[in-house]
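A.B. asks: curious how this folds, go ahead:
(chains A, B, C, D, E and F)
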Number of protein chains: 6
Amino acid sequence: MGAKPFDTLRNACRQVAAWGYKAIQVPTWDGRCIDLKQAAESKAYCDDWQAVLQEFGLDASEGAFHLQGQLVAVNPVYDEVFDGFAPEAVRGNPKARTAWAIEQCKLVAQASRNLGLTVAPGFTGSLAFPFLYPWPPRPKGLIDAAFTELGSRWKPILDVFEECGVDVAWELHPGEDVFDGLTYERFQAAVGNHKRSKINYDPSHFLLQCLDYLEFIRIYHDQIVAFHVKDAEYRPSGRCGVYGGYADWVNRAGRFRSLGDGQVDFKSIFALLTQYGYAGWATLEWECCIKGAEQGAQEGAPFIASCIITPPERAFDDFADAGVDANKINRLLGLAA
Amino acid sequence: MGAKPFDTLRNACRQVAAWGYKAIQVPTWDGRCIDLKQAAESKAYCDDWQAVLQEFGLDASEGAFHLQGQLVAVNPVYDEVFDGFAPEAVRGNPKARTAWAIEQCKLVAQASRNLGLTVAPGFTGSLAFPFLYPWPPRPKGLIDAAFTELGSRWKPILDVFEECGVDVAWELHPGEDVFDGLTYERFQAAVGNHKRSKINYDPSHFLLQCLDYLEFIRIYHDQIVAFHVKDAEYRPSGRCGVYGGYADWVNRAGRFRSLGDGQVDFKSIFALLTQYGYAGWATLEWECCIKGAEQGAQEGAPFIASCIITPPERAFDDFADAGVDANKINRLLGLAA
Amino acid sequence: MGAKPFDTLRNACRQVAAWGYKAIQVPTWDGRCIDLKQAAESKAYCDDWQAVLQEFGLDASEGAFHLQGQLVAVNPVYDEVFDGFAPEAVRGNPKARTAWAIEQCKLVAQASRNLGLTVAPGFTGSLAFPFLYPWPPRPKGLIDAAFTELGSRWKPILDVFEECGVDVAWELHPGEDVFDGLTYERFQAAVGNHKRSKINYDPSHFLLQCLDYLEFIRIYHDQIVAFHVKDAEYRPSGRCGVYGGYADWVNRAGRFRSLGDGQVDFKSIFALLTQYGYAGWATLEWECCIKGAEQGAQEGAPFIASCIITPPERAFDDFADAGVDANKINRLLGLAA
Amino acid sequence: MGAKPFDTLRNACRQVAAWGYKAIQVPTWDGRCIDLKQAAESKAYCDDWQAVLQEFGLDASEGAFHLQGQLVAVNPVYDEVFDGFAPEAVRGNPKARTAWAIEQCKLVAQASRNLGLTVAPGFTGSLAFPFLYPWPPRPKGLIDAAFTELGSRWKPILDVFEECGVDVAWELHPGEDVFDGLTYERFQAAVGNHKRSKINYDPSHFLLQCLDYLEFIRIYHDQIVAFHVKDAEYRPSGRCGVYGGYADWVNRAGRFRSLGDGQVDFKSIFALLTQYGYAGWATLEWECCIKGAEQGAQEGAPFIASCIITPPERAFDDFADAGVDANKINRLLGLAA
Amino acid sequence: MGAKPFDTLRNACRQVAAWGYKAIQVPTWDGRCIDLKQAAESKAYCDDWQAVLQEFGLDASEGAFHLQGQLVAVNPVYDEVFDGFAPEAVRGNPKARTAWAIEQCKLVAQASRNLGLTVAPGFTGSLAFPFLYPWPPRPKGLIDAAFTELGSRWKPILDVFEECGVDVAWELHPGEDVFDGLTYERFQAAVGNHKRSKINYDPSHFLLQCLDYLEFIRIYHDQIVAFHVKDAEYRPSGRCGVYGGYADWVNRAGRFRSLGDGQVDFKSIFALLTQYGYAGWATLEWECCIKGAEQGAQEGAPFIASCIITPPERAFDDFADAGVDANKINRLLGLAA
Amino acid sequence: MGAKPFDTLRNACRQVAAWGYKAIQVPTWDGRCIDLKQAAESKAYCDDWQAVLQEFGLDASEGAFHLQGQLVAVNPVYDEVFDGFAPEAVRGNPKARTAWAIEQCKLVAQASRNLGLTVAPGFTGSLAFPFLYPWPPRPKGLIDAAFTELGSRWKPILDVFEECGVDVAWELHPGEDVFDGLTYERFQAAVGNHKRSKINYDPSHFLLQCLDYLEFIRIYHDQIVAFHVKDAEYRPSGRCGVYGGYADWVNRAGRFRSLGDGQVDFKSIFALLTQYGYAGWATLEWECCIKGAEQGAQEGAPFIASCIITPPERAFDDFADAGVDANKINRLLGLAA
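C.D. replies: Residues are numbered from 1 along each chain as shown, chains lettered A, B, ... in the order given. Got it, this is the predicted structure:
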């Protein structure tokens, strides 16, 4: 295919490497960075693609499929606004769109395998989100029905991921049916605790939900296989709280911010992830309504670098073990020989 | 009609008076407490009704029309779940249901006048609530269109309230389009700052939005004409934040509680309302997923009584005014005579 | 046996009832309130004993065996100071003292059955407490050895409790080997998760450890079978922290306080216990270095009464269930019939 | 005039540029940095002066007139201590001193114009400050009289600033009559909301007043035309609070600190100012009782640089606008075509 | 003199007793409650006066002399506003007014002795208060000079108090030169640590200074001989901080409040005072800009009663002392016999 | 002796200098860094030793003797675990071990003199630590006896330090009898406030005790002669508090951390130490259960460098002293000439 098709990729890589990043995330939805179908079908294409990255000393971190995942399940009230993310052929036809989305997700699994990637972050989509708040009173059984359906759609997709040896890392996100710990647990039950159904940890969405994002790691750490480093702040006023008054981002109480400008305690997050042995990438995710993208990107790489922790090889107080044997222990505790 | 129709009312009054309350709120939607149509049309009926209250030494505080107000504007996704609040004749027919609801609201205005009430709390209904969170990205103009429509539906109703000399007191509430300060300001703009469009202050809904409910009073105090005394608590965990994980009340991070059991700082609320000259009722509103209704009701009246503040008749440091005249002031400030 | 032996009991009951309490706790270690051996052996004695309580309208809540439990396991460094709690015959003879203590605990189980009590709070004793802080460095295996021994001593005792249908409720307490959640989990493993090994929840000991005593309930609620209502405060200074500078109680940073005078958030505790269905007694435990015992006791009963919550019989928003059927749910979620 | 007169300026510029600053502030009161009278009268002089700055790649940020502004209004109790800031000719003669100060301020306006500066920070002076605390009880009318006089003195000066196209930026500061939001509002009323009467935002003075300096920006942002970046901390003890026990700076509870060493949340300040479109200078102001001036100055420039935010050129979620038209909006909201 | 002169006193006593108070404070400045000169000179008059109190079962707690103390030292800037508190004869004549005030204070000492009172709360007056904030820069030596003068005026007065066996209890109060711990220490040095110069603890003035009023007790407890129970709150905004914007009380950030309505932690104050053995009165002081005086007074007595602590007669863990002798201690510590 | 014996030292110096440190601490207990006996006896040896440091541009900061100090006093329960720190000859023989330890400490004093060091940090050892918590109830007199003995052991050692002109800097540390302010005060009393008995300030041990480590400096600053810069964090959970559940470091609520990763507010510490004129070294102490030693060491030097404060040479507001004389002061205060 020649170098031409990779021009966009090459430009992105040049920029990303110049900013000091070590890898790029692969958005799989719009063909600008990668041709998903080719990648799923051709190992050779993937090798060529990876060669481009190597020109710049970069790795690929993960193949993201948020938009396709979203379209796997859509409540009718959102049909028209989500149609823009689907190819024209399936717009206005939810059934066809769902089928297309499911197919896409499977391609992501296959492409990831060909690219040598082991994790793919994405969205679950949503059937019940309009019923988020308990007013109007939710009909009994509504939530169960939504998750049952969600499970039946995702299980076959997860099976393909299993075949490909790739973990799905759900980005817990308002607007999706899986947006916090409780809904993740519901989903896991619905997919039979599928071994490829895991978590992409992004603290910004939790901070904006006023959820304890550090405790989240303590609870779910063995499910976390991806990590998006995104900052946010929550500053309520007498005019606006969590629901944000239908305002645009800059006027909401909760808003995304450039790394280091928000309230997320990344120092504690990196410490906890290190403590629990997380070994994946720390992927910058940037959205900010106050600082420009260029500055945000430039500051992001050194910010993340300053957070990275190399774990110790041995405990700091090893020296102090004075070698007491079992008899001595018994004596220390007052137990007869 | 005789005493019979007032049996339910009489029972309610007996109970309410026994608990130590001084007034009852009048729910206007289900006919159990009052016959709205009769009340709107007949001053005599209203006098009879008030006589029942006087038997028990009670006042009527306000005629509530939350359910009818809700039905003035309903996004289609909620049509089926709200239909249960409408009479069978208009179910499944949103247009007819809207017309019925508008008519009901006007009856509330007229009934209030006949009952000698000056304020009626209610809901605005909602067109845009499924688009609360900015994902999916909201089409430009969506929120403006929703409020324009909302304004055009409510303005004629508010005019009837104006004719009747009754204030509408919106209960700012998730699920309605008017749920915080910003949305209230949008609504006010949409109804041309109608002089009868005011606020029913209920701190519980603000606490559950993590909004600064004390600052709210400092900003909007001259719009507050009703006050619902309802408690709540917000206790996030690593599993659940503001959006509540689709859980039932007891398992949500935010939940309503009996008076005094939650986190609302009522002492400061009563102080601020007194400071700004609020002269209306403090109406118990009780919902609690942990304590029983009977105990909640019993504790509510003394709780509210302990919060009531009688404002001072003169400043405490009046005594200290030593009567300095203008010349003296000039000397104190170093100004020439 | 006549009324004479119960004079002390009768006096205690008179006092306790006058203060407004509904039950008394039964300390089993010193014979002043009950003759443990007789109670273990004679149902008739127990009936007489309960009759005394009934004279005053009191129940017995639980048979406490802290001091005997303590003596089941003692590190040699504490031998002399704990000897005072043992009968003279076994003082200076740890082995004999241990045997006596084990026997005592079994009597507590039997006495509890005869008294109709279902729970007995006590201490686990301690072998490893001098090695609390990791300096000197703890020999590897020391803690495991201590808990293995603890388990082997307590398992047979717990079996007797099982025979008698009585739960043991451990008071998690510094000085014992089981003093927080982690040590409780170690102990449970050591006794094979014995079904009679449960928790006596006393928040004062947790507050003085700066441990999250509310989260403790969320984690261990299904293990909590007894509840000691004891207050405490922790006020560090530049001179003194948690370890207390070897000071007496009044000069320590952490100190026990009369109910309502400390920092324990009892309102939240009672709410959580109610939420999780705790159905046992709320037992005043009073120790205070500032307020006198008489005043503390008088204030305790109304304080506890003001905390008690009667749970609801049905959810507050039952009214709102508008009866939507499965087809409607499918329509709401956009699922084909 | 030759280079000689600019030697002091040149030395200052050399130092300031070496530390990495981009501009210098121009103190106008003592002739060391600039000859105010010449600058007011001669554009040529100003051009020469600016040429010196250009040698070092520096801009001039603003002409400060704190001391002259102070002397526009002085309560007699402070006459002797402020006389030191006035030329000898007018000392001991408050009337003459006031006239001199007013003249000086007008020169500042003219000099600013000649220098191409658009903002001048200064003090309002004070008539009522000894009556800050309401003891002794303030005679009714005292504060009104003080502000009326203040207004009548400043209005003509502000008119000269208007002629010169220069904003006055009041430094809200204890010791002046305008020291917080309320007094600024009083002053604005007294000068008829003069369009040249604006705010120099300095958070250190607000932190030392325990005032919400972030909320201040939200309220007054459209009045803020200058910004002094000065840090401070407030650490109360059992011996000393806000009023500071007549102590020197190091022993007060509130004290100024070098940038980054105090408690001011500059990250949030720069974010808010950027959000509201502030386009002026961020001027280091350094006073510290603990760290030396040299170190403070060296650290100041990189500190400020690290805070500067380049605003975005377009919203981060522009990509997501899927282009929904009016008809679609109506459908989304359930409104008939 | 007959009963007539005591009519005002009798009315006050009737009211105070009805509200449930146990004693009245004696303001000595205006003759309404007591004739200071007669009380100072005649034990018989004082006996008659006390007899009135006994009619109502009341004690006298303390003779307050705030206004006379204030006039012992007045900075000239306040001369005119304080003149209203002096008799006409000495107005406009600071020297004569000072002499009169000193004489009054001595009468207070003598009257206190005749009334059997042991403590008298009052103000120190102020010479330096206009120089509270370090701008204008305070001339070196100013504060020292002020306190030297203050000491020389008060020492002879304190000697009279010593003759009468009465403590002076300074109310540390903004507007006076002694307003916090540091200024109290300066004053004590200036009066040679006079044994009758003590503290009247009033937390409201400390809270409004954002001073640590609990730590204050820990530091100065052995100087506290009187206690005014007065509540206050500090609620800063973006418009107003500690200095209060020259506003009236209701619009200031810090304001006095009725007991229980403010932020003072009285529970901790009473505990600390009890811990340190304070044995004097707890005197209600009421000023509130929101709640009326009548309600404030009614609520004050039960509020104070609920705070009173009866100290324990013996330590709660006395029981536990197992009587270990010196030899045993040596063994416990590992020391040879 | 040749270069050979200093190989270990040389390697350490090379590493430490490469990381950017300016000095090394001298552990005196194991001979790897220095031969204590030779250093105590031979100035020439010490000169050679210092020459090695000079090769790398390093200073020696202090001679640490924690392990020897520990062995001066050991409660029997810890005998076996501490024996590993003693030479084999005295193991199992507490008396001989104590004598050996005392001798070692004296050598440290002499070696310090020969090395030109003025401060030596160490441990006090412990007799009473098993009786830290008041359960079992501590026999009256136990703590007094322990400190009396401690004093009698340490006084002669401190005298040798006095002869050598070296301060002992106690590291206040759990496991030692001197672990906070109160126990330090007890110890000082026991050694007759020996002028060489001072404090090595290490905030990490205070943070883990939940003690106010900033207030500690305000109280004890004139006793602080050494400073260990060590970080820590305390993060309680529902399972674990201060006592740590017998867990290893990574699972405890309180744990040591690399500099900048914990919760210690070093910015405030360095400011306070500078304010009080501390002139000694800031010595990195590193223990971390999450980050590796290499990374910790690399980050430590720049972290400390960023905290160092150069104090000012003159007050920042000197400029403002307008030179007011005594007569003027009298006029300002209203005092007659």
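A.B. asks: burial check on the residue in the stretch 51-200 of chain A positioned nearest to chain E, number of neighbours?
C.D. replies: At 30.0 Å from chain E, residue A:174 is the closest residue in the stretch 51-200 of chain A, using Cβ to the nearest Cβ. C-beta coordinates here come from the backbone N, C-alpha and C atoms, glycine included. Using other Cβ atoms under 10 Å in any protein chain shown, residue A:174 is surrounded by 20 other residues.
A.B. asks: over to residue A:283?
C.D. replies: 21.
A.B. asks: wait, doesn't it sit right on residue A:201?
C.D. replies: No - look at residue A:283 against residue A:201 with Cβ atoms under 8 Å: they stay out of range, at 10.3 Å.
A.B. asks: shared neighbours of the two, which are they?
C.D. replies: Common neighbours of residue A:283 and residue A:201 are listed as A:226, A:227, A:228 (criterion: Cβ atoms under 8 Å, 6 or more residues apart in numbering or on different chains).
A.B. asks: please flag which of those sit within strands.
C.D. replies: Applying DSSP state E to the shared contacts of residue A:283 and residue A:201, the entries found in strands are A:226, A:227, A:228.
A.B. asks: isn't the second one right up against residue A:284?
C.D. replies: No - no contact is recorded between residue A:227 and residue A:284 when judged using Cβ under 8 Å, the distance being 10.4 Å.
A.B. asks: just the pLDDT for the closest residue to residue A:235 other than its chain neighbours.
C.D. replies: With sequence-adjacent residues excluded and distances taken as Cβ to Cβ, 6 or more residues apart in numbering or on different chains, residue A:235 is closest to residue A:253, at 5.8 Å. pLDDT recorded at residue A:253 is 97.
A.B. asks: my guess is residue A:253 meets residue A:238, correct?
C.D. replies: No - if you go by Cβ under 8 Å, residue A:253 and residue A:238 don't touch, sitting 10.5 Å apart.
A.B. asks: picking that back up, in the ones in strands among the shared contacts of residue A:283 and residue A:201, which residue is surrounded by the most others?
C.D. replies: residue A:226 (28 neighbours).
A.B. asks: and that one, bridged to which residues?
C.D. replies: residue A:200 (DSSP bridges).
A.B. asks: I figured it hits residue A:169, correct?
C.D. replies: Yes - using Cβ under 8 Å, residue A:226 makes contact with residue A:169 at a distance of 3.7 Å.
A.B. asks: can you list residues touching both of these two?
C.D. replies: Here residue A:226 and residue A:169 share the contacting residues A:62, A:119, A:121, A:198, A:199, A:200, scored by Cβ under 8 Å, 6+ apart.
A.B. asks: coming back round to it: report the contact partners of the residue nearest to residue A:235.
C.D. replies: A:234, A:235, A:236, A:237, A:240, A:241, A:242, A:244, B:210, B:211.
A.B. asks: show me these that map onto strands.
C.D. replies: Going by DSSP E, the strands hold residue A:234 from those.
A.B. asks: which of the contacts of residue A:253 are buried? Put it as a ChimeraX command.
C.D. replies: With 16 or more other Cβ atoms under 10 Å in any protein chain shown as the criterion, this ChimeraX line picks the buried residues out of the contacts of residue A:253:
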select /A:234,235,236,237,240,241,242,244 /B:210,211
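A.B. asks: for the contacts of residue A:253, which one is nearest chain C?
C.D. replies: Among those, and counting by Cβ to the nearest Cβ, the member closest to chain C is residue B:210, at 18.4 Å.
A.B. asks: so who does the closest one touch?
C.D. replies: Residue B:210 neighbours (Cβ under 8 Å, 6+ apart): A:210, A:234, A:236, A:241, A:242, A:253, B:234, B:242.
A.B. asks: the same query, at a cut-off of 10 Å, please.
C.D. replies: A:209-210, A:234, A:236, A:241-243, A:253-254, B:234, B:236, B:241-242, B:254 (Cβ atoms under 10 Å, 6 or more residues apart in numbering or on different chains).
A.B. asks: for it, grab phi and psi.
C.D. replies: The phi/psi pair for residue B:210 (degrees, to the nearest 10) reads phi 50, psi 40.
A.B. asks: and the pLDDT for it?
C.D. replies: pLDDT at residue B:210 comes out at 97.
A.B. asks: tell me the centre residue of chain A?
C.D. replies: Geometric centre of chain A, nearest residue: residue A:200, 3.2 Å, by Cα atoms, centre = their mean.
A.B. asks: isn't that residue up against residue A:176?
C.D. replies: No - taking contacts as Cβ atoms under 10 Å, residue A:200 lies outside contact range of residue A:176: 11.5 Å.
A.B. asks: common neighbours of these two, please.
C.D. replies: A:66, A:122, A:123, A:170.
A.B. asks: measure the first one to residue A:46 for me?
C.D. replies: Between residue A:66 and residue A:46 the computed distance is 21 Å (Cβ to Cβ, to the nearest Å).
A.B. asks: who in the stretch 1-150 of chain A is up against chain D?
C.D. replies: Along the stretch 1-150 of chain A, the residues adjacent to chain D under the rule Cβ under 10 Å from any Cβ of the partner chain are A:30, A:67, A:77, A:78, A:79, A:80, A:81, A:82, A:83, A:84, A:85, A:86.
A.B. asks: nearest residue to the residue of the stretch 101-250 of chain A found nearest chain F in space, please, no chain neighbours.
C.D. replies: Going by Cβ to the nearest Cβ, chain F is nearest to residue A:218 of the stretch 101-250 of chain A, at 7.6 Å. Distance criterion Cβ to Cβ, 6+ apart; nearest residue to residue A:218, sequence neighbours excluded, is residue B:238 at 6.4 Å.
A.B. asks: the one you found contacts residue A:201, correct?
C.D. replies: No - under the criterion of Cβ under 10 Å, residue B:238 is not in contact with residue A:201, lying 11.7 Å apart.
A.B. asks: compare the two (neighbour count), which wins?
C.D. replies: Ranked by neighbour count (other Cβ under 10 Å), residue B:238 and residue A:201 place residue A:201 first, with 30 against 19.
A.B. asks: may I ask you to confirm that the more buried one is in contact with residue A:222?
C.D. replies: No - counting by Cβ under 10 Å, residue A:222 is not a contact partner of residue A:201; they are 11.9 Å apart.
A.B. asks: need the residues touching each of those two.
C.D. replies: residue A:278.
A.B. asks: now residue A:62: phi and psi?
C.D. replies: Dihedral angles (degrees, to the nearest 10) for residue A:62: phi -170, psi 150.
A.B. asks: and it, how many neighbours?
C.D. replies: The burial count for residue A:62: 29, using other Cβ under 10 Å.
A.B. asks: sorry, back to before: comparing residue A:66 and residue A:46, which shows the higher neighbour count?
C.D. replies: residue A:46 (22 against 19).
A.B. asks: quick one: the helices in the stretch 51-200 of chain A?
C.D. replies: All helices of the stretch 51-200 of chain A, identified by DSSP state H, counting those that start in this stretch, fall at A:66-72, A:79-83, A:94-115, A:142-164, A:181-190.
A.B. asks: identify each buried residue in the third one, please.
C.D. replies: Neighbour-count burial for helix A:94-115 flags A:94, A:97-98, A:100-102, A:104-115 (criterion: 16+ other Cβ under 10 Å).
A.B. asks: do the same with stretch A:168-183
C.D. replies: By neighbour count on 16+ other Cβ under 10 Å, the buried set for stretch A:168-183 is A:168-183.
A.B. asks: does it come close to chain B?
C.D. replies: Yes - on the criterion Cβ under 10 Å from any Cβ, stretch A:168-183 is in touch with chain B at A:173, A:174, A:175, A:176, A:177, A:178, A:179, A:180, A:181, A:182, A:183.
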